[in-house]
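> Please work out how this folds:
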Amino acid sequence: MNHQQYWLGLPKHLIWGFIAIAIFMSGDGFEMAFLSKYITDLGFSPTQSAMVFTIYGFAAAIAAWASGVVAEIITPQRAMTFGFILWIVMHALFMLLGLDLENYYFMLVFYGIRGLAYPLFIYSFMLLLVQVVPRVRLAAATGWFWAMYSVGIGVIGSYLPSFSIPFIGEAGTLWLAIVWVGCGGLIAYFSLRHVPVDRSKVDLPLKDKLTELSRAVTILFTNRNIFLACLIRIINTISLFGFAIIMPLLFVGQLNFTISQWLQIWGVFFFVTIFTNILWGITGEYIGWIRQVRWFGCMGMAISSLMFYYLPLYFGNNFYIALIPAICLGIFVAAFVPMTAVFPALEPHHQGAAISIYNLSAGLSNFVAPAVASLILPFWGIVGVVWAYTGLYMFAFILTFIIKVPQPERAKVTVAEPAMI
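Residues are numbered from 1 along each chain as shown. From the prediction side, this is the model:
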């Protein structure tokens, strides 16, 4: 592939696939800000509402873990098609038989099954990137993937309901989500169906396919570098998930910021990641994947985590000072973007299983972050949690010297050497 097929690391021939991810995740994210309250407004208890999301989260974690291997043994395009059809069908049943009939068990079943859909759609596209994008350009391509993900669920998915709910209400907005998801799914279907992918595992006997599926578990124990990469990826977003829980206690509870100010500070962090995901994806190609993760990801996040606590504590209720660590966090958390390329590079013959482990570690980060906070808060407070997260980033820093990754450096690749990429 020549240089004219890429724009700032974006594979031009897959551009509609990236747009499909943004549109799909916009529809998937419509409900985030209001569904739990909508369920309680129907007369269900907060505990029942939380259980709906717990079942959903568990299903999504399972789907994320298995999606890489599933996409590999049926092709990414088929997995994406199945994912978006499953989303639409289960969401419609959730609305009609769950919410409209106010049937709690149908809500649990259909919303839970719907949790299988979005990971199957988006992570199958990630595997398609792994299969068709040259390894030397993969970090930049996955940077665009995460940028589109942020645009969808973090920007459009969050802000559009604030305009639609006053006009068509919560239920109307939930139905509108089907339109967005359907558009994203159809764009992906028609734009990607002729993309040549690795079909070497598609025609395997059922027994061999089940063996390949089991690699999504066993690979952790047979490949030490995959295990180390898993630990690094878990630590990657630990502050992201943890600070969302503990920092309102500091900003709103102790420093007298309003909840709106805190949400704006946290929103700036997500906005910054849209651009830094792309920036670090490209930069990692030139300076080396692990080198970037080590010095800018691990060290940058360790320093930014401390800044997020100590700067507001020192300057008090100063909104603009509080934006500084949020921006820094948004800059350095994205420096881990090349980890998406690291996993399949460590297992080139079982890339689906490697992507499945990547997805598993991303999900575990969402679990470990609040778990660490709940263990430390009663004894050492917010500052103890911040230092625990910082210590974990330093631990990941050490791991980057142990892990061995066959990483490309764009500075060493020339146009005359296409076979090397």
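> drop to CA atoms for contacts and neighbour counts, all remaining ones
Fine.
> Based on its surroundings, how many neighbours for Thr80?
You called it Thr, but residue 80 is Met. Look at Met80: counted by other CA atoms under 10 Å, it has 26 neighbours.
> Strands of this structure, start to end?
Assigned by DSSP state E, the strands in the chain fall at 6-7, 10-11.
> from the ones you listed, which stretch is densest packed?
strand 10-11 (a mean of 23; mean count of other CA atoms under 10 Å).
> which strands and helices sit next to it?
helix 138-149 (3 or more CA pairs under 8 Å, 6 or more residues apart in numbering; DSSP states H and E).
> Distance to Gly17 and mean pLDDT added to the strands of the chain, as JSON lines?
What follows is the strands of the chain, written out as JSON lines (distance: least, CA to CA, whole Å; pLDDT from 0 to 100):
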{"stretch": "strand 6-7", "distance to Gly17": "14", "mean pLDDT": "80"}
{"stretch": "strand 10-11", "distance to Gly17": "10", "mean pLDDT": "88"}
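> Out of the ones you listed, which gets nearest to Ile238?
Nearest of those to Ile238, taken as CA to CA: strand 10-11 at 27.7 Å.
> For that closest one, which outside residues touch it?
For strand 10-11, the external contacting residues (CA atoms under 8 Å, 6 or more residues apart in numbering) are 5, 133, 140-141, 144.
> Strand partners (parallel or antiparallel) of that strand?
Strand 10-11 has the following strand partners under DSSP bridges: strand 6-7 (antiparallel).
> contact partners of the partner strand?
Contacts to strand 6-7, defined as CA under 8 Å, 6+ apart, come from residues Lys12.
> Can you list the buried residues in stretch 315-324?
For stretch 315-324, the neighbour count (16 or more other CA atoms under 10 Å) marks 316-317, 322-324 as buried.
> likewise stretch 217-229?
For stretch 217-229, burial by neighbour count (16+ other CA under 10 Å) applies to 217, 219-220, 225-229.
> JSON lines please, covering these and showing distance to Trp180 and pLDDT.
Below are the buried residues of stretch 217-229 laid out as JSON lines (distance: CA to CA, whole Å; pLDDT from 0 to 100):
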{"residue": "Val217", "distance to Trp180": "34", "pLDDT": "82"}
{"residue": "Ile219", "distance to Trp180": "36", "pLDDT": "91"}
{"residue": "Leu220", "distance to Trp180": "37", "pLDDT": "89"}
{"residue": "Asn225", "distance to Trp180": "39", "pLDDT": "96"}
{"residue": "Ile226", "distance to Trp180": "36", "pLDDT": "95"}
{"residue": "Phe227", "distance to Trp180": "37", "pLDDT": "96"}
{"residue": "Leu228", "distance to Trp180": "38", "pLDDT": "97"}
{"residue": "Ala229", "distance to Trp180": "34", "pLDDT": "96"}
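> do you know which of the strands of the chain lies nearest Val337?
strand 10-11 (14.3 Å).
> Give me the spatial nearest neighbour of Ala22, chain neighbours excluded.
In this structure, Ala22 finds its nearest non-sequential neighbour in Gly152, 4.3 Å apart by CA to CA, 6 or more residues apart in numbering.
> in terms of contact, does the one you found touch Ile19 like I think?
No - Gly152 is not in contact with Ile19 according to CA atoms under 8 Å; the separation is 9.3 Å.
> Neighbour count: the two, which is higher?
Gly152 (24 against 18).
> all helices for the stretch 101-250 of the chain, in order.
104-114, 117-132, 138-149, 157-192, 206-222, 224-236, 238-251 (DSSP state H, counting those that start in this stretch).
> most packed of the ones you listed?
helix 138-149 (a mean of 28).
> tell me which strands and helices that helix is in contact with?
Where contact means 3+ CA pairs under 8 Å, 6+ apart, helix 138-149 is packed against strand 10-11, helix 15-29, helix 117-132, helix 259-287, helix 339-346.
> Dump those into CSV; add distance to Phe44 as well.
Converted to CSV, those look like this (distance: least, CA to CA, whole Å):
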stretch, distance to Phe44
strand 10-11, 46
helix 15-29, 22
helix 117-132, 25
helix 259-287, 26
helix 339-346, 40
